[in-house]
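S.K.: any chance you can model this:
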Amino acid sequence: MGTTSANAAEEDLHARRRRATPAELDAAREAVRASGRALDPAAPCLVLAYPGVGVGETYPDLAGCTSQLLLVAACRSTLAEHEVDVVAMSTRPLEATALRGMRDVAVRARHDVAARLPHVDLDGVRYLTRFTLVLGGSLDGTIFDEITDVTAHTRGVVDLLVAP
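M.R.: Residues are numbered from 1 along each chain as shown. Just a heads-up that it's a prediction; the model follows:
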């Protein structure tokens, strides 16, 4: 039995692909704009949501932030060449010593904004669950969640956005 193209795409990106809800889109745009960044509807902005650097040490199911952010840092010049902006969004601050090369793309989602995005509340703290959202461009409103392999997913999404 063969795989449908939609299923094959999900397997290649190691995530479920769906349309973001209006509430999710509004919340993501609000968080990005609150950081002082402009959004161009014609140009894609890759929003990588993650629980927080180091959160996986306490909650192993939320691990993977460091490898994901390192990969995005390595791909930033390629993304910039294709006019793809990058935002790394979390409810947690990006520590001054962590991934200095990504601090300029860090966006912190307020508690009320995060409530409208995929999240989990653990021990009284709200964490974004890992998802990737594209704002603007031809994939505007596409969200990837239920990510099974953080690094492979991130590489796949970068390839998708820079493909000719």
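
S.K.: going by C-alpha atoms from here, please, whenever you check contacts or count neighbours.
M.R.: Fine.

S.K.: which helix or which strand is home to the residue positioned nearest the centre of the chain?
M.R.: Geometric centre of the chain, nearest residue: L48, 1.4 Å, by C-alpha atoms, centre = their mean. Using DSSP states H and E, L48 sits within strand 45-49.

S.K.: pLDDT of that strand, averaged?
M.R.: In this model, strand 45-49 has a mean pLDDT of 94.

S.K.: can I get whichever helix or strand comes after it in PDB, CA atoms only?
M.R.: Using DSSP H and E, the helix or strand that follows strand 45-49 towards the C-terminus is helix 55-58. Extracted C-alpha coordinates of helix 55-58, given in PDB (Å, rounded to 0.1, in the frame of the first residue of the first chain):
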ATOM      1  CA  VAL A  55      13.700  23.000  30.000                       C
ATOM      2  CA  GLY A  56      14.400  19.500  28.700                       C
ATOM      3  CA  GLU A  57      16.700  18.900  31.700                       C
ATOM      4  CA  THR A  58      13.600  19.100  33.900                       C
END
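
S.K.: could you identify the helix or strand that succeeds the longest helix anywhere in the chain?
M.R.: For the chain, the helix that runs over the most residues, judged by DSSP state H, is helix 65-81. The C-terminal neighbour of helix 65-81 among helices and strands, as given by DSSP H and E, is strand 85-90.
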